[in-house]
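*Asks:* Take this sequence and fold it.
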Amino acid sequence: MPELPEVETIRQQLEPRVVGATIADAGAHWSDKFSPALDAVGGEIVGTRRRGKYLLFELDLEVPAELVVHLGMTGRLTVHAVGDEPDLDHPHLRAWWRFTDGRTFTFHDTRRFGRIKVVDAGNYRTLPTLDHLGPEPWDPAFTGRALAAFVKRSNRHLKTILLTQRAVAGVGNIYADEALWMAKINPATRRLSVNRADRLVETIRTALQSGLDHGGTTLRDYVDSDGSTGANQHELHCYGRSGSPCHRCATELRSRVLDARTTTYCPTCQAR
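*Replies:* Residues are numbered from 1 along each chain as shown. So this is what the prediction gives:
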């Protein structure tokens, strides 16, 4: 599933292409996961934002609104130039929006784990995960002390806590493994001192920044809005490297299933 770096890469690419465009027409798959795309008709896209793993397109409608898109595992957003008409009968096309200038904005999603919603600006009550997101990783509110307190209130494994999106927004399986390896913290721990939490906050930011700097991580499905793959998979120290030597101590990395998620770690550097 695309995480913060992948979603932010797509947002940055799309922003200059869609801001200022007015949606004249739309179509969508019948599922209520995608049919709300029709509610954006008539709106001018006046801005773009990202919150966690969600893309938010600000709409100038009679009541200010937001077109919310979650990419799921295989979602792809593309702006098609005039003359480059998309196949509106494509089996993986879930929604499309026609701009008044003749361009078409499409959302393809092979596995149908994505979601589209149009909501009043800032009102996310119908999207509980978005409504309850924790702070962004670079938000001053995301501190070691706050993270340690969050862990103390929970009895879950640390990596699982990171994946809930409640302690910090935008971190998924890839960047959680990377950050925990960098911080030398075992993913299964249920305790976190403020000092170790401070270190983890910094490594979360470092791992995510690497993803941003390299256009995201492509392991199988992820491509950006131009159809290009990311390059951060070549920078990974831990995720997906089970059986390979640790880049820090040369111990063979191991993997285990932790709360239904495959997790890679170094048994030496990240000893409990």
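*Asks:* Start and end of stretch 231-251, how far apart?
*Replies:* Looking at stretch 231-251, the gap from its leading to its trailing residue is 25 Å under the measure CA to CA, to the nearest Å.
*Asks:* Can you show me the helices along the chain?
*Replies:* In the chain, the helices defined using DSSP state H lie at 4-18, 128-131, 144-153, 158-163, 173-183, 194-213.
*Asks:* Quick one: residues in contact with the shortest one.
*Replies:* For helix 128-131, contacts defined as CB atoms under 8 Å, 6 or more residues apart in numbering pick out Arg51, Gly52, Tyr54, Val68, Tyr124, Arg125, Gln165. Backbone N, C-alpha and C define where each C-beta goes, glycine included.
*Asks:* how far away is Val137 from Gly211?
*Replies:* Careful, residue 137 is Pro; it's not Val. When distances are taken as CB to CB, to the nearest Å, Pro137 and Gly211 turn out to be 11 Å apart.
*Asks:* which residues are common contacts for these two?
*Replies:* Common contacts of Pro137 and Gly211 (CB under 8 Å, 6+ apart): Leu4.
*Asks:* higher neighbour count, those two?
*Replies:* Gly211 (26 against 20; other CB atoms under 10 Å).
*Asks:* Enumerate every residue touching the closest residue in space to that one that isn't next to it in sequence.
*Replies:* For Gly211, ignoring the flanking residues on the chain, the nearest one in space by CB to CB, 6 or more residues apart in numbering is Pro5 at 2.8 Å. The contact partners of Pro5, by CB under 8 Å, 6+ apart, come to Tyr175, Leu208, Ser210, Gly211, Leu212, His214, Gly215, Gly216, Thr217, Gly230, Asn232.
*Asks:* run the last query once more with 6 Å
*Replies:* Leu208, Gly211, Leu212, Gly216 (CB atoms under 6 Å, 6 or more residues apart in numbering).
*Asks:* picking up where we left off before, compare the helices of the chain and report which one is nearest to Ser255.
*Replies:* Taking CB to CB as the criterion, Ser255 comes closest to helix 173-183 out of these, the separation being 9.4 Å.
*Asks:* just checking, what packs against the closest one?
*Replies:* helix 194-213 (3 or more CB pairs under 6 Å, 6 or more residues apart in numbering; DSSP states H and E).
*Asks:* again, 8 Å this time
*Replies:* Here helix 173-183 is seen to pack against helix 158-163, helix 194-213, strand 261-265 when contacts are counted using 3 or more CB pairs under 8 Å, 6 or more residues apart in numbering; DSSP states H and E.
*Asks:* deepest of those, which one?
*Replies:* helix 158-163 (a mean of 23; mean count of other CB atoms under 10 Å).
*Asks:* contact partners of it?
*Replies:* 150-151, 154, 167-168, 171-173, 176-177, 179-180, 185-190, 192, 204, 258-259, 261, 263.
*Asks:* Quick check, pLDDT for Ala37.
*Replies:* The per-residue pLDDT reported for Ala37 equals 98.
*Asks:* Now do the same contact list for it.
*Replies:* Applying CB under 8 Å, 6+ apart to Ala37 gives the contacts Ala26, Gly27, Ala28, Leu67, Arg94, Ala95, Trp96, Trp97, Phe107, Ile116, Val118.
*Asks:* if we take these, which one ends up nearest to Arg241?
*Replies:* Phe107 (32.6 Å).
*Asks:* Now the closest one. Nearest residue, chain neighbours left out?
*Replies:* Setting aside the residues directly before and after it, Phe107 is nearest to Ala95 in space (CB to CB, 6+ apart), at 4.4 Å.
*Asks:* again with Ala169
*Replies:* According to CB to CB, 6+ apart, the nearest residue to Ala169 is Gly52 (3.5 Å).
*Asks:* The one you found: how many residues sit nearby?
*Replies:* Using other CB under 10 Å as the criterion, Gly52 is surrounded by 21 other residues.
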